[in-house]
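A.B. asks: The sequence and its predicted three-dimensional model are supplied below.
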Amino acid sequence: MKVVLDSLTKIFPPRMGKGEGVTAVKDFTFMIPDGTLVALLGPSGCGKSTMLNMICGLEKPTEGKIFFGDDDVTDLPSENRGVGMVFQNYALYPHMTVYNNIIFPLGNLKGKEKLTKEQMKERADKVASLVQIEQLMQRKPGELSGGQQQRVAIARALVKTPRLLLMDEPLSNLDARLRLQTREEIRRIQRETGVTTIFVTHDQEEAMSISDVIVVMKDGELHQSGKPQEVYDDPANLFVAKFLGTPAINIFEARVEKETLKIGEDTVLNVPGVRDGAVIAGIRPEGFIYDKEGGLKCELDRVEVMGRDISIVSKNPACEAPVVRSIIDSDERPKDGVKTVTFKLRPNKVHLFEPETGARIRFGRR
Ligand code: ADP
Ligand code: MG
């Protein structure tokens, strides 16, 4: 089911009526295509949970509308929206077995929708098999690992065959290995069921790896949306460029003179069509070519082995961070005793931004 968020704003009133109140979500418009997995990505406090709560009906928008398909659901009570929700802390009932936790939402069905015991068991078995916990049905949540508990929570969210699945940082309580494994499971379950899913995370790598579309937000506002690779390759502004990618993009104070990019005294790249003046230059780690003819000079700090690639860690006074991180092929490792490294740059891995606003400045044909 397609979901439309139309100019959503949520302002929490001030405590005791004093002060300004908190604008958690601001004029947010977005369409989630049917059957896709969308990751809502942003730093802590940017309004992700508030957004999910409005979509599932736990919070009422201050302004704006929410559509499921063509239906305006803005004023529809949560229980009638047909939404499954999974939280970070699993929120299972500790005294109930896994089986009873999973069928719990079916107990509220009334009238024509009411299910017999056998029908409930059939539903529970089906979702348990989907998330692969069939053998755990008689245990209590306390007897399960975190990853298993989260699978139970996902099964419970799916048992009513929701029109929409919402997941609020579902992997945050898992250790690194389980996080990886469970995120692949979520991708598989979403593909198998085809249920439209919104997955909230502050972890850019998680968002990029799992989703069809990422939506980057900050301070309650949408900054950019698109396929993960497209957003990474073509960031709309400095915030998005810095938020996506590990190692992070390297940020330099720079300037443009006669359509060439200068970092300190170094002439580093042609930037056709850009006006003279101060700019911020972001260079992705994979944008450096270690080359003795290269224009950008840095002082070598160390070389880190990453397997097939190496990371040359160096220093440059114009760089915002203490070190510049480049990733290059391990065959091109600097010789022992080298003190200064020079780089050519890959133009499509260099992004320029306005120093005041962080808006992207495009150059060449891009
Ligand atoms: P995220 O999930 O991205 O970390 P939230 O949606 O939880 O962010 O919060 C967004 C902003 O709204 C934060 O500044 C938070 O403090 C504020 N906020 C969230 N819920 C409430 C509430 N019930 N009352 C007042 N402020 C709230
Ligand atoms: Mg949250």
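C.D. replies: Noted; the coordinates are in hand. Here the structure is a predicted model, which is why all the values come from computation and not from measurement. Residues are numbered from 1 along each chain as shown. Ligands and ions are numbered 1, 2, ... in the order given.
A.B. asks: Correct me if wrong: residue 364 contacts residue 271.
C.D. replies: Yes - if you go by CB atoms under 8 Å, residue 364 and residue 271 touch, sitting 7.1 Å apart. Just so you know, the C-beta spots here come from the backbone N, C-alpha and C atoms, and that holds for glycine as well.
A.B. asks: Of the two, which one has the most company?
C.D. replies: residue 271 (24 against 13; other CB atoms under 10 Å).
A.B. asks: Ignoring the adjacent residues along the chain, who's closest to the more buried one?
C.D. replies: residue 363 (4.0 Å; CB to CB, 6 or more residues apart in numbering).
A.B. asks: Which helix or strand lies directly C-terminal to whichever helix or strand residue 184 is part of?
C.D. replies: Element membership for residue 184 (DSSP states H and E) is helix 176-193. Next in sequence after helix 176-193, counting helices and strands by DSSP H and E, comes strand 196-201.
A.B. asks: State the mean pLDDT of that next one.
C.D. replies: The pLDDT scores in strand 196-201 average 97.
A.B. asks: circling back: may I have the phi/psi pair for the residue nearest to residue 271?
C.D. replies: The phi and psi torsions at residue 363 (degrees, to the nearest 10) take the values phi -140, psi 160.
A.B. asks: what's the answer for residue 297, then?
C.D. replies: Torsion angles, degrees, to the nearest 10, at residue 297: phi -100, psi 130.
A.B. asks: What's the local residue count around it?
C.D. replies: Neighbours of residue 297 (other CB under 10 Å): 16.
A.B. asks: Correct me if wrong: it contacts residue 339.
C.D. replies: No - applying CB under 8 Å, one finds residue 297 not in contact with residue 339, separated by 10.6 Å.
A.B. asks: re the thing from before, tell me the pLDDT at the residue nearest to residue 271?
C.D. replies: Model confidence at residue 363, given as pLDDT, is 95.
A.B. asks: That one and residue 311, how far apart?
C.D. replies: Look at residue 363 and residue 311: by CB to CB, to the nearest Å, they are 27 Å apart.
A.B. asks: Same drill for those two, tell me which one is more crowded.
C.D. replies: For residue 363 and residue 311, the more surrounded residue by other CB under 10 Å is residue 363, and the numbers stand at 20 against 17.
A.B. asks: Surely residue 317 touches residue 264?
C.D. replies: Yes - checked against CB under 8 Å, the pair residue 317 and residue 264 is within contact range at 6.4 Å.
A.B. asks: So for the two, which sits in the more crowded spot?
C.D. replies: Counted by other CB under 10 Å, residue 317 and residue 264 do not tie: residue 264 has more neighbours, with 15 against 10.
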